[in-house]
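>>> Model the following, please.
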Amino acid sequence: MLGKHNICILSRTFPPMKCGIGDYAVHLANILSHDLNITVLTSGKAVSQGAQYQLSPVLNRYLFNPFQLLSAISRIHPDILHIQTPVLSWNSIILSVLQRYWKVKYPEMKIILTLHEYIDLPLYQQYALNANINYCDSIIVVDPNYSDKLLKRKLCSPDKITFIQNSMTLTVPMNSEIMLDIKSHYSANGSYVLMGFFGFINKLKGIEYILLTMKNLKLKNSLKTMFVILGGTGTGSGNYYRSLLKLISDYDLSDYVVFTGYLDQKDINSYIAAMDYMNLPFVDGYSPKNSSMIASISMKKPIITTKRMGRKMINSKGVYYLDNAYDIEKMEEYMLHFQEDHNLFNDVDYEELDYSWQRNGTDHLNVYNAIK
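Next comes the predicted model:
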């Protein structure tokens, strides 16, 4: 067993910053600190959560300073440096140079990289990441499609790649009383079926196709659904948000669409639980890394989503697949089914899916043990 070795988790973001990767990092640090000495190297805006791990908030969130990184690694001197954050563009180049230096300076230190993004990135960013991948001892992927691409490009051997399924970052329990109040309020005491979307609002989420489907149903006098959008805009998505507002107005859907804005973590599970079903038509297809899917499955909600590269990523009862985000005809069919048959709201089976942090922590320990 690895024992109480020193692990440094590098994450550009960390609570209270609003970022799914930062939320992931805090849960990972918490679970691993039961077995290992964990230091989280992160942004200067991070705040300690009072757990067993050590927090080192010394970095700039957006652009890595190589001298800060050199100083921090020299001070922490970890057995394993786990780069558990997207490293894009200049950060990728900075880290690749440092990785080469650390390989010489600290040959006993192992380097692991978690790829939270890869084939979803522009090609130039993928190729920049290839250098980081080459200088790692192990690669963790959160989407099995990433493994396929790495092997096809012959960037590393299969034994260096491990798929670890993401876990739920929303761990505050649902409040039944709040949930019932939300359901009553948004459904107008049961007059409407509640269709939810959860996540940052940006152009990769396919929300405009949901609105188009609702428009078609309204023109047929068949719309009995309230669309509740749980989330705020992502970085640089202001124009997309404004385009959605214009579509809502143009389609005459103002009485059928609600934006809640960004929700506090203590409330979000109650909101998701209040929805009758979720609609998540990802433009790039549903990936196992998507926290909005994990949260919806964890709340046992039926879900409309999209295939990824023509594949159903999970085959559980309760997941309804579109061929793509603009598969309006199929989306309309599903929405009508949910309006007509309320038994579908509970007709799910996700028992075989394990999004627990206990499983996630064990998976990470296995990777750490394998390279020591």
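>>> Specify the local secondary structure of residue 67.
Three-state assignment for residue 67 (DSSP: H, G, I helix; E, B strand; the rest coil): helix.
>>> Report how many residues lie close to it.
For residue 67, the neighbour count with other Cβ atoms under 10 Å is 8. C-beta here means a position set from N, CA and C on the backbone, and glycine is covered the same way.
>>> Please enumerate the strands of this protein.
6-10, 37-43, 54-59, 80-83, 110-115, 138-141, 161-163, 193-198, 225-230, 257-261, 277-280, 303-306, 319-322 (DSSP state E).
>>> neighbouring strands for the fourth one, and are they parallel or not?
Applying DSSP bridges, strand 80-83 is found paired with strand 6-10 (parallel), strand 110-115 (parallel).
>>> out of the strands of the chain, nearest to residue 361?
Distances from residue 361 to each of the strands of the chain were compared using Cβ to Cβ; the minimum, 10.9 Å, belongs to strand 37-43.
>>> list the helices and strands the closest one packs on?
Contacting strand 37-43 under the criterion 3 or more Cβ pairs under 8 Å, 6 or more residues apart in numbering; DSSP states H and E are the following elements: strand 6-10, helix 20-32, strand 54-59, helix 66-76.
>>> Redo the strands paired with strand 80-83 as TSV? Include mean pLDDT.
Formatted as TSV, those follow (pLDDT from 0 to 100):
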stretch	mean pLDDT
strand 6-10	96
strand 110-115	97
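>>> TSV for those strands, including distance to residue 296 and mean neighbour count?
As requested, the strands paired with strand 80-83 are exported to TSV (distance: least, Cβ to Cβ, whole Å; neighbours: other Cβ atoms under 10 Å):
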stretch	distance to residue 296	mean neighbour count
strand 6-10	27	24
strand 110-115	23	23
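>>> can those go into TSV with extra columns for distance to residue 60?
Putting the strands paired with strand 80-83 into TSV (distance: least, Cβ to Cβ, whole Å) gives the following:
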stretch	distance to residue 60
strand 6-10	13
strand 110-115	20
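>>> could you dump the strands of the chain to a markdown table with distance to residue 170?
Converted to a markdown table, the strands of the chain look like this (distance: least, Cβ to Cβ, whole Å):
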| stretch | distance to residue 170 |
| --- | --- |
| strand 6-10 | 20 |
| strand 37-43 | 20 |
| strand 54-59 | 21 |
| strand 80-83 | 23 |
| strand 110-115 | 20 |
| strand 138-141 | 22 |
| strand 161-163 | 22 |
| strand 193-198 | 9 |
| strand 225-230 | 11 |
| strand 257-261 | 15 |
| strand 277-280 | 13 |
| strand 303-306 | 15 |
| strand 319-322 | 19 |
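>>> Which residues does stretch 184-199 contact?
Contact partners of stretch 184-199, identified using Cβ atoms under 8 Å, 6 or more residues apart in numbering, comprise 183, 205, 207, 210, 224-231, 256, 258, 268, 271-272, 274-280, 290-292, 295-296, 301, 335, 338-339, 342.
>>> Would you show me how to pick out the buried ones of these in ChimeraX?
This is how ChimeraX selects the buried members of the contacts of stretch 184-199, with burial counted by 16 or more other Cβ atoms under 10 Å:
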select :183,205,207,210,225,226,227,228,229,230,231,256,268,271,272,274,275,276,277,278,279,280,290,291,292,295,296,301,335,338,339
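>>> thinking again about what came up before, burial-wise, tell me which of the helices and strands packed on strand 37-43 comes out on top.
Highest mean neighbour count of those: strand 6-10, a mean of 24 (counted as mean count of other Cβ atoms under 10 Å).
>>> Output it as CSV, nothing but the C-alphas.
Backbone C-alpha positions of strand 6-10 (Å, rounded to 0.1, in the frame of the first residue of the first chain) are rendered in CSV as follows:
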residue,chain,number,x,y,z
ASN,A,6,2.9,13.2,0.1
ILE,A,7,0.6,14.0,-2.8
CYS,A,8,0.3,17.5,-4.3
ILE,A,9,-2.9,18.2,-6.2
LEU,A,10,-2.6,21.1,-8.6
